[in-house]
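K.L.:
sequence plus predicted model, see below.
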Amino acid sequence: MVYWLDTTVLPPGDPVARRPVVVVAAPESVGGTVAVVSRSGTEGFGVGHPADARLGFSGAGHFSRRHPVSGRLWTSLNVTPIGPLDAAVFAEVVGRFGP
């Protein structure tokens, strides 16, 4: 599943307010850490992903950075589901960035 994530819950420095991410590791408890990989349309490294109107991506991009997110911040205020990621791309993202 791809989610829009409020970037205030990511490490500082992201120039956009919300960024698409996929979860590669879920916490065992609410207080744990959700591991996500963010998608960027400007970074040219990571796992490539084509434009996908179904997910709202008008251009190609890359799933390129893994980030820790506190499970306590994984709420409807900060996270909005977009839709499922293609299984082959998801497998490649997990293979590169997963636990």
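P.N.:
Received, thanks.
K.L.:
sec struct for V16, please.
P.N.:
With DSSP: H, G, I helix; E, B strand; the rest coil as the basis, the three-state label of V16 is coil.
K.L.:
show the contacting residues for it.
P.N.:
If a contact means Cβ atoms under 8 Å, 6 or more residues apart in numbering, then V16 has T7 as its contacts. (C-beta placed from N, C-alpha, C; glycine too.)
K.L.:
show the backbone phi and psi for F97.
P.N.:
Per-residue torsions, F97: phi -120, psi -10 (degrees, to the nearest 10).
K.L.:
ditto for T8
P.N.:
For T8, the backbone dihedrals (degrees, to the nearest 10) come out as phi -70, psi -20.
K.L.:
wait, a helix at W4?
P.N.:
No: assigned with three-state DSSP, W4 falls outside any helix and is strand.
K.L.:
dig out what it forms beta bridges with.
P.N.:
According to DSSP bridges, the residues that bridge with W4 are P20, T80.
K.L.:
I'd guessed it sits against V22; true?
P.N.:
No: here W4 lies out of contact with V22, judged by Cβ atoms under 8 Å, at a distance of 11.5 Å.
K.L.:
which stretches of this protein form strands?
P.N.:
Here the chain has its strands, by DSSP state E, at 2-6, 18-25, 33-40, 47-49, 61-70, 79-83.
K.L.:
who has more neighbours, W4 and V22?
P.N.:
V22 (23 against 17; other Cβ atoms under 10 Å).
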